[in-house]
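Student: Need a 3D model of the sequence below.
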Amino acid sequence: MRQLTALLALGTVASLFITSTQAHVTSGRERYGVIGYGIVMYDPPCAYACIDMANSWNLDCAHEHTDGMDMGGMHMSSVTPECKATSDPFLQTLAWCFYTHCPGASNSTLERVWEMDIVGRKAVQPAPAYSYQVALSRVAQAPPTSILASDATLNTTSLVDEEAWLGKFNGDEAFERMEIRASTFGCVGIPIVFSWFRFLPLNPVVVSKFYATFIDPPLFGNHHSAPVLGFGFVPTRGQGLFIAYIWIINIIVSSVGYEVRDPMSWYPTVERQLVVYISNRVGVFSFVNLALAVLFSSRNNVLLFVTNWSHSTFLLVHRWISVICMLQACLHSAIYLQYYLDPLAGEGAHAEQSKLDYWIWGIVGTLALALLMPLSVLPLRRKLYEVFLATHVVLAVLAMIGCMLHIYYRYEWQWGYQTWVWISFAFWLFDRFLARPLRLARNGVKRAFVTVIDEDYLQVDIPGVEGEGHAYLYFPTLTWRVWENHPFSVAAQQQQQQQQQHHPPTTTPPTTSLTHPNLLCIAGGVGVTGVLRFLPTSPTSSKGGDSRPRAGGKVKLFWGMRAESGALVRAVRGVVGAGVGGVAAAVAVGVGGGGGGKGGGFDGKGDGFDAGRGEKGGGVGSVEMAATTATTTTEMWGGAEVTISAGRRFDIGALLERELLPSGEGRGVAVAAGMGTTVVVCGPAAMADEVRVAVARLGRRGVVVRLIEESFTW
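Tutor: Just a heads-up that it's a prediction; the model follows:
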């Protein structure tokens, strides 16, 4: 036997379509798991090689009727299970083949194979007339001495052709090994554990320098929040490392570990074997990545709580995994298309396959995945969000259905390939039809009160609701599209102290935590709603858990806006200046406390769904300023010192150096307390990028600082 190992095979695909092999649909009993993990294909392969040999034998009862049976890529004519189950020459020849070729297999294993698979693999089929041990005892009395000719009828106990058996053995053993390897690679975990390093008691200076060098800065250039050429976002270095890991692991596991065998009954040449193995493996990985893409897109995603990463980061990873999933599906389809279009595949091979249901649904799944890419570009998402969302959902569901039916019509549920698609459906259905309805049922239908602040902003008050962080709101009385919902952020919630004592909040605290006692917030325009939840409600307040600065730290807020935004300032003061209730999260809408309390929030009209990323908020990072008089005021909001600049830009670099460097003016947050600082930014994308670059620069200089960008992208 000659065994070849192909370590890097993808580069040879184009030259491998040399000989012909036909694939046909198969049927069999349903199994659970994936190959190698709950599902066994050919164990032991020596016994299944004997069964493969038996499938080509002609029996005395073959005249009754025959059916077709497929082992891998080879199609063979087979007599009925009833004929096999009652034919003494068939049973005894097979028993002798088991005995002579499987000396290392236990009798219990051979009995299991005998009982389950020698007459077929269907859910309902006749059992053999007698057991393996009985058949072996009968043939042992007069062992066979002659080999059955390939075109002869089996009417007496015979030997099998050794060369043909070896080809069957290599086919079964090698194919299952490749499928197990694909399943193993598919189970490679994503390094979520890296996100847990934040719990380790590491030196804060080292941690700050690490984040400033490898995590927070843009991967290249100075833009992260602002889209490049209006087409897409540049990931941070940390996001870039994770995306690179995903690409590298997919390329490696799709390229290594291939073994081809010769002789091999399934495929006439080793090149043919390699082509099929590559196509099958990238097909399996496409299913695995489909499940991951759905998981990373989910709003109710357990990984959000495990990793403490932002939803925007998960959406970014979702896009890249989706691209890989699509490319693998296209590669799988393209290889098999070329495989059957090649003249060596036989006349009419492609025409025959393309009429089968598995082929049609495979095309549907691949095309749906391919169409998702151009229909999800940023310009379309911004200008026609509802159109994007509707087409995205329809095509994603169509892709999953296409993949599922592609598997069913090819293999039914024999080999567990459908497991990954079922996982995709489970993630999708849990998010949309369990978690979301439960959240809606908990909060119920509420009446909101909308106040026009000015031509750009609305204030939305929702009595009787509690919440922090981002919230998705449905407006069923404003449109017939009752399923539509939009992300907003809780600006504030107000409660009477007595009500708060008797009705504790039911929502979980925000996951964003402050790792340092000092807090420096920078906001632009309506982006102030994104930083309010980090501020203390009073100089002595400790409410709010780890999303508020710890005792002993100093808190400052720098808020910039257009000169004509005085109405917005008065509205925010009205929410936070009363001294009651907690101050909560980011962007646009406030939801209020229980017991009839109400919360206030703000929505920038025309800003899309994300004031944190929109450019219209103006102020700190805007280049264009109104020609009216610029003013700067300083006031106290609870325990926070607030500087409001209307009509004048803050110099971000100078501001951060003054507040964070020991060589500053002596009044900065870090200088005053002598401890680390968390910088929170929310506002126009240009401003957020300026803060990100400046904080990273200071972190590399040894300043103990951590950046939090409060924004929401889709």
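Student: I figured Ser322 hits Leu375, correct?
Tutor: No: when contacts are counted by CB atoms under 8 Å, Ser322 is not listed as touching Leu375 (11.7 Å). C-betas here are computed from N, CA, C, even on glycine.
Student: Those two: who's more crowded?
Tutor: Ser322 (23 against 15; other CB atoms under 10 Å).
Student: Find the nearest non-adjacent residue to the more buried one, please.
Tutor: Leaving aside its sequence neighbours, Ser322 sits nearest to Ala293 (CB to CB, 6 or more residues apart in numbering; 4.5 Å).
Student: roughly how far is the host helix or strand of the one you found from the heart of the chain?
Tutor: Assigning secondary structure by DSSP states H and E places Ala293 in helix 270-297. On the basis of CA atoms, centre = their mean, to the nearest Å, the separation between the geometric centre of helix 270-297 and that of its chain is 15 Å.
Student: Going toward the C-terminus from the helix of greatest length in the chain, what's the next helix or strand?
Tutor: Longest helix of the chain, by residue count under DSSP state H: helix 311-341. Note on helix 311-341: by DSSP H and E, the next helix or strand toward the C-terminus is helix 349-354.
Student: Tell me where the stretch 51-200 of the chain has strands.
Tutor: Counting by DSSP state E, counting those that start in this stretch, the segments of the stretch 51-200 of the chain that form strands are 58-59, 66-71, 74-79, 153-154.
Student: Least confident of the ones you listed, on average?
Tutor: Here the strands of the stretch 51-200 of the chain differ in mean pLDDT, and the lowest is strand 66-71 at a mean of 44.
Student: if we can go back for a sec, in contact with the residue nearest to Ser322, which residues?
Tutor: Residues near Ala293 by CB atoms under 8 Å, 6 or more residues apart in numbering: 318, 321-322, 325, 424.
Student: do that again at 10 Å, thanks
Tutor: Applying CB atoms under 10 Å, 6 or more residues apart in numbering, we find Ala293 in contact with 317-326, 369, 372, 396, 399, 424, 427.
Student: Equivalent analysis for His223, please.
Tutor: Each residue near His223 by CB under 10 Å, 6+ apart is listed here: 233-234, 685-686, 688-690, 692-693.
Student: rerun that using 7 Å as the cut-off
Tutor: Residues counted as contacts of His223 (CB atoms under 7 Å, 6 or more residues apart in numbering) are 234, 689.
Student: what do you get for Gly33?
Tutor: The contact partners of Gly33, by CB under 7 Å, 6+ apart, come to 39, 416, 419.
Student: Next up, phi/psi of it, please.
Tutor: Here the main-chain torsion angles of Gly33 (degrees, to the nearest 10) amount to phi 110, psi -150.
Student: and the gap between it and Trp413?
Tutor: Counting by CB to CB, to the nearest Å, the gap from Gly33 to Trp413 is 11 Å.
Student: orientation of the helix holding Ala293 relative to helix 311-341 in degrees?
Tutor: For the pair helix 270-297 and helix 311-341, the angle between their directions (axes from the mean of the first three to the mean of the last three CA atoms, to 10 degrees) equals 160 degrees.
Student: Give me the secondary structure label for Lys556.
Tutor: In the three-state summary, Lys556 is assigned as strand, counting by DSSP: H, G, I helix; E, B strand; the rest coil.
Student: how many neighbours does it have?
Tutor: Applying other CB under 10 Å, I find that Lys556 has 22 neighbouring residues.
Student: For the closest residue to it other than its chain neighbours, list the residues it contacts.
Tutor: Of all residues not flanking Lys556 in the chain, Glu641 sits nearest, at 4.9 Å (CB to CB, 6+ apart). Shown in contact with Glu641 (CB under 7 Å, 6+ apart): 555-556, 634.
Student: now swap in Val113 and tell me
Tutor: By CB under 7 Å, 6+ apart, the neighbours of Val113 are Ala47.
Student: how's this structure carved up into domains?
Tutor: By the assignment in automatic domain parsing, the chain contains the domains 38-170, 187-435, 449-709.
Student: can you give me the end-to-end distance of the shortest one?
Tutor: Spelled out, that is domain 38-170. Its start and end residues considered, domain 38-170 measures 22 Å (CA to CA, to the nearest Å).
Student: try stretch 702-711
Tutor: Across its full length, stretch 702-711 reaches 27 Å between end residues, using CA to CA.
Student: That one: which residues count as buried?
Tutor: 703-711 (16 or more other CB atoms under 10 Å).
Student: Turn the residues you listed into CSV, including pLDDT and distance to Phe650.
Tutor: Converted to CSV, these look like this (pLDDT from 0 to 100; distance: CB to CB, whole Å):
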residue, pLDDT, distance to Phe650
Val703, 92, 19
Val704, 92, 22
Val705, 93, 17
Arg706, 92, 20
Leu707, 94, 16
Ile708, 92, 18
Glu709, 92, 17
Glu710, 86, 17
Ser711, 80, 18
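Student: returning to that earlier point: tell me the one of the contacts of Ala293 nearest Ser298?
Tutor: Distance to Ser298, by CB to CB, is smallest for Phe427 among the contacts of Ala293, at 5.9 Å.
Student: My guess is that closest one contacts Phe296. True?
Tutor: No: under the criterion of CB atoms under 7 Å, Phe427 makes no contact with Phe296, lying 9.2 Å away.
Student: Give the residues shared as contacts by those two.
Tutor: Common contact partners of Phe427 and Phe296 (CB under 7 Å, 6+ apart): none.
Student: any weak-confidence spans in the stretch 101-250 of the chain?
Tutor: Low-confidence segments of the stretch 101-250 of the chain (pLDDT under 70): 182-201.
Student: now the helices for it?
Tutor: Using DSSP state H, counting those that start in this stretch, the helices assigned to the stretch 101-250 of the chain run over residues 107-117, 132-140, 162-186, 204-210, 237-255.
Student: hmm, back to that, can you give me the buried ones in the helix or strand following the helix holding Ala293?
Tutor: The first helix or strand that comes after helix 270-297 along the chain, using DSSP H and E, is helix 302-307. Judged by neighbour count (16+ other CB under 10 Å), helix 302-307 contains these buried residues: 303-304, 307.
Student: Take those and write them to a markdown table, including distance to Met116 and pLDDT.
Tutor: Converted to a markdown table, these look like this (distance: CB to CB, whole Å; pLDDT from 0 to 100):
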| residue | distance to Met116 | pLDDT |
| --- | --- | --- |
| Leu303 | 40 | 82 |
| Leu304 | 44 | 83 |
| Thr307 | 44 | 79 |
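Student: Out of these, flag the one nearest to Val531.
Tutor: The shortest distance between Val531 and any of the buried residues of helix 302-307, using CB to CB, involves Leu304 and amounts to 20.5 Å.
Student: ok, back up a step: out of the helices of the stretch 101-250 of the chain, flag the one nearest Tyr277.
Tutor: Using CB to CB as the criterion, the shortest distance between Tyr277 and those is 4.9 Å, found for helix 162-186.
Student: Going by neighbour count, which residues in that closest one are buried?
Tutor: When neighbours are counted by 16+ other CB under 10 Å, the buried residues of helix 162-186 are found to be 164-183, 185-186.
Student: OK, contacts around Tyr417?
Tutor: Taking CB under 7 Å, 6+ apart as the criterion, Tyr417 is in contact with 284, 287, 407, 411.
Student: Who wins on neighbours among these?
Tutor: Neighbour max across these (other CB under 10 Å) = Phe287, 28 neighbours.
Student: Look up which helix or strand the nearest residue to that one once chain neighbours are set aside falls in, please.
Tutor: In this structure, Phe287 finds its nearest non-sequential neighbour in Trp420, 3.6 Å apart by CB to CB, 6+ apart. When elements are defined using DSSP H and E, Trp420 is found to belong to helix 418-430.
Student: Outside of that helix itself, list whatever touches it.
Tutor: 33-34, 287-288, 290-291, 294-295, 298, 400, 403-404, 407.
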